[in-house]
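Peer 1: need a structure here:
(2 chains)
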There are 2 protein chains.
Amino acid sequence: MLLRQLFDYKSYTYSYLLADEKSREAVFIDPVAGQLDYYLQLLNELNLTLKLAVDTHVHADHITALGALREKTGATTYLGKPGDVACADQPLIDGQTLTFGDIKIQVIYTPGHTDDSHSFYIEEADSRYAFTGDTLLIRGSGRTDFQNGSAAQLYDSLHNKLLTLPEDTQVFPGHDYKGWSTSTIGEEKAHNPRLRIDNKDEFITFMNNLKLANPKFMDIAVPANLGCGQK
Amino acid sequence: MLLRQLFDYKSYTYSYLLADEKSREAVFIDPVAGQLDYYLQLLNELNLTLKLAVDTHVHADHITALGALREKTGATTYLGKPGDVACADQPLIDGQTLTFGDIKIQVIYTPGHTDDSHSFYIEEADSRYAFTGDTLLIRGSGRTDFQNGSAAQLYDSLHNKLLTLPEDTQVFPGHDYKGWSTSTIGEEKAHNPRLRIDNKDEFITFMNNLKLANPKFMDIAVPANLGCGQK
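Peer 2: Coordinates of the predicted model:
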């Protein structure tokens, strides 16, 4: 599998381009609107056909390229729970399989950061990959204080879903603010301070007392992303 | 092989932590002084012993963590050509092999960006890796207008050394300014605009007419790095 981690400096967002090297079918996960020209350049240079464009959730800190990628490439777009986001071709459904070439993406509903957060899991050759959006970050997690976030749901998504994946699963998050690019499920189990709070009530109290400022861009990004970045 | 790409936001520098997963012996390539605490955290959490710390060249845009890592971990430091950099334990020598655990790093002298620029090549399992510093960047190259840089030498380093590596070699550069993380030798051969200038005289003319401003930090960074970041 071809895997390219791409970084948007303005929002500290990681986007991912994945492709099946035989069929050249590709997927973008969490693409950023401002990077569209680079994405089209990469697809062209690597001779890839974009089959899917998916967002882990409706983002509050950057505008998605989902709509623009569909328009430019004909990719099928997936975003949100059923009934949530009218602009996307399809909602994401817990347990469903998305396919590009011979590679299968398992969709895992992981609410908590937002109530529409999903993670994506791939097993390919001897490797395992989890694209965890803002649910699981490297040595951290997403916040839970807006967009129907829930610390209780985040606790369950982390402990009952993502941490049950094989320990050698490589973790590719939606952001990192200290310059780290990847981790593993085993490493996060051992060293992520938020995952070491193993009492759910304590976790809820901790998350509810973070008192973070709202993302500066939120009042623009959320409405724009409900239109797949095109309204 | 464990491979972690780490990013310094201030200087857009990529640093690399590599480790042999059996022996837990590790190497840092191009570590940045401001990231030292994170490096020590990672070494500790991943249960690694730092054996080597190497810089591809004396950097002009950030201060190296070479000296600090030697002091904190006892790692052996490598930097520069023979006779160049008194602060490092050893100079780098074209064609030499550095070893961590069972993994061998082949040192390739690739002058041009600076006259002390080296690249590092690793073959491990079915994968090939080139850490190209500022000699080969993704869709670009380092500049050649200071620190005894030479467009003619850079042309030779690119065409006669790095581009002779297997096409599927993954390229890990010293910087990227557009958020791209990696490429391959084959991809750069096909799509790097500077590599497509295949006439050496044209390349020299092109490089000598870039008229770039000096790195803001150069007057501080170069002298500091000649002291391995500790003077």
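Peer 1: what's the spacing between the residue nearest to the spatial centre of chain A and B:Arg4?
Peer 2: The centroid of chain A falls nearest to A:Gly133 when counting by Cα atoms, centre = their mean (2.8 Å). Computed as Cβ to Cβ, to the nearest Å, the A:Gly133 to B:Arg4 distance reads 21 Å. All C-beta atoms are positioned from the backbone trio N, CA, C, and that covers glycine.
Peer 1: one step back: which non-adjacent residue is nearest the residue nearest to the centre of chain A?
Peer 2: Taking Cβ to Cβ, 6 or more residues apart in numbering or on different chains as the measure, A:Gly133 lies nearest to A:Thr56, with 2.8 Å between them; neighbours along the chain are not counted.
Peer 1: number of nearby residues for the one you found?
Peer 2: A:Thr56: 25 surrounding residues under other Cβ atoms under 10 Å in any protein chain shown.
Peer 1: Per-residue pLDDT of it, please?
Peer 2: pLDDT, A:Thr56: 97.
Peer 1: That one: what secondary structure?
Peer 2: coil (DSSP: H, G, I helix; E, B strand; the rest coil).
Peer 1: same check, this time on A:Phe172
Peer 2: Three-state assignment for A:Phe172 (three-state DSSP): strand.
Peer 1: give the contact list for A:Gln147.
Peer 2: Applying Cβ atoms under 8 Å, 6 or more residues apart in numbering or on different chains, we find A:Gln147 in contact with A:His57, A:Val58, A:Ala60, A:His113, A:Thr114, A:Asp115, A:Asp116, A:Val222.
Peer 1: Chain B next: which of these are close?
Peer 2: Near chain B, judged by Cβ under 8 Å from any Cβ of the partner chain, there are no entries from these.
Peer 1: Take those and keep only those in helices.
Peer 2: Judged by DSSP state H, these include A:Val222 as members of helices.
Peer 1: circling back: wait, isn't the residue nearest to the centre of chain A in contact with A:Tyr121?
Peer 2: No: taking contacts as Cβ atoms under 8 Å, A:Gly133 lies outside contact range of A:Tyr121: 12.0 Å.
Peer 1: Compute the number of surrounding residues for A:Asp20.
Peer 2: For A:Asp20, the number of neighbouring residues by other Cβ under 10 Å comes to 20.
Peer 1: What distance do you get for it to chain B?
Peer 2: 16 Å (Cβ to the nearest Cβ, to the nearest Å).
Peer 1: residues contacting the residue nearest to the centre of chain A?
Peer 2: A:Asp30, A:Thr56, A:His57, A:Thr110, A:His113, A:Ser117, A:His118, A:Ser119, A:Gly142, A:Pro173, A:Gly174 are the contacts of A:Gly133 under Cβ under 8 Å, 6+ apart.
Peer 1: residues in contact with the helix-or-strand element of chain A with minimal mean pLDDT?
Peer 2: Of all regular secondary-structure elements in chain A, judged by mean pLDDT, DSSP states H and E, the least confident is helix A:218-226 with a mean of 90. With contact meaning Cβ under 8 Å, 6+ apart, helix A:218-226 is reached by A:55, A:58-64, A:85, A:87, A:146-147, A:215, A:231.
Peer 1: Please repeat the previous calculation with a cut-off of 6 Å.
Peer 2: Applying Cβ atoms under 6 Å, 6 or more residues apart in numbering or on different chains, the contact partners of helix A:218-226 are A:Val58, A:His59, A:Ala60, A:Ile63, A:Thr64.
Peer 1: Most neighbours among these, which one?
Peer 2: Highest neighbour count within the contacts of helix A:218-226, by other Cβ under 10 Å: A:Thr64, with 30 neighbours.
Peer 1: Mind pulling up the pLDDT for that residue?
Peer 2: Looking at A:Thr64, its pLDDT stands at 96.
Peer 1: From chain B, how far off is the nearest residue to it once chain neighbours are set aside?
Peer 2: Leaving aside its chain neighbours, A:Thr64 sits nearest to A:Gly229 (4.2 Å; criterion: Cβ to Cβ, 6+ apart). Applying Cβ to the nearest Cβ, the value for A:Gly229 to chain B is 18 Å.
Peer 1: and what of A:Ser15?
Peer 2: For A:Ser15, the distance to chain B equals 8 Å [Cβ to the nearest Cβ].
Peer 1: In three-state terms, label that residue for me.
Peer 2: Classification of A:Ser15 by three-state DSSP places it in strand.
Peer 1: what residues are up against it?
Peer 2: Neighbour list for A:Ser15: A:Leu6, A:Asp30, A:Pro31, A:Val32 [criterion: Cβ under 6 Å, 6+ apart].
Peer 1: Tell me which two in those residues are the farthest apart.
Peer 2: Farthest-apart pair in the contacts of A:Ser15 is A:Leu6 and A:Asp30; separation 9.4 Å (Cβ to Cβ).
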